[in-house]
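J.: Give me a model of this one.
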Amino acid sequence: MYNYATRMCYVPLTGIPYNLFRYQFIPQSTNAVIKMDYISQSEASDGWVQFTLEKSLGFTRAGVIRIDDSIRAYVYCILGSQAQTRSNIMKSLECQQNFVALLESNVKSLFSIPESIQKYQDAISNTNVRINYVVGIGFIGLYMIPSNLVLQVGVIQKYNNNIVIADDSRETGENEDINPRILQQQ
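T.: Numbering: from 1, shown residues only. Alright, predicted model coming up:
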């Protein structure tokens, strides 16, 4: 982690373990939060130590939080861009541009975890997608995502459209027995 110091250029914040709540990309440091200007990683193998357990037995709690945040942002940006333009992301340039805008907004604004979860939940609810794909299980479950991230037109009934967490009873990949789909056109 680096912070800009006047007349000294960028100064590394060495020997300090990363803390999401203490170090952030903000305009100016405060008493509670220290501004980071940029981060770099010289030893790629050492960088993952805090996110994976020894001998690859799974993810640490910090690793699960990072991956879950990435999953929520990915699903929110894809589904949110389609919901705003009411068009398929694969076919619409406007939708693709909207995806980039949502992604940049998501990265720059540093949403809190509850805000991120709410945006993810809203994207799922507003696009009538079916949550049925397990990204990974590990010793702590990860968020599940739709196997098809293309906007569904119509009303899907008789299934739970809420956030679902993968557990050991699920296989990695699409799970047909979760949220069976009945699509009714309006």
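
J.: Please give the element, helix or strand, for the residue most central in space within the chain.
T.: In the chain, the C-alpha nearest the mean C-alpha coordinate belongs to Ser70, at 2.4 Å (CA atoms, centre = their mean). Assigned by DSSP states H and E, Ser70 falls within helix 61-85.

J.: pLDDT (mean, whole number) over that helix?
T.: Averaged across helix 61-85, the pLDDT comes to 85.

J.: now the next helix or strand after that helix, how far from the centre of its chain.
T.: Using DSSP H and E, the helix or strand that follows helix 61-85 in sequence is helix 93-109. Distance of helix 93-109 from the chain centroid (CA atoms, centre = their mean, to the nearest Å) equals 14 Å.

J.: helices or strands up against helix 93-109?
T.: In terms of contacts (3 or more CB pairs under 8 Å, 6 or more residues apart in numbering; DSSP states H and E), helix 93-109 is packed against helix 61-85. C-beta: built from backbone N, CA, C; applies to glycine.

J.: If I take the helix it packs on and helix 93-109, what angle do their directions form?
T.: Relative orientation of helix 61-85 and helix 93-109, computed by axes from the mean of the first three to the mean of the last three CA atoms, to 10 degrees: 140 degrees.
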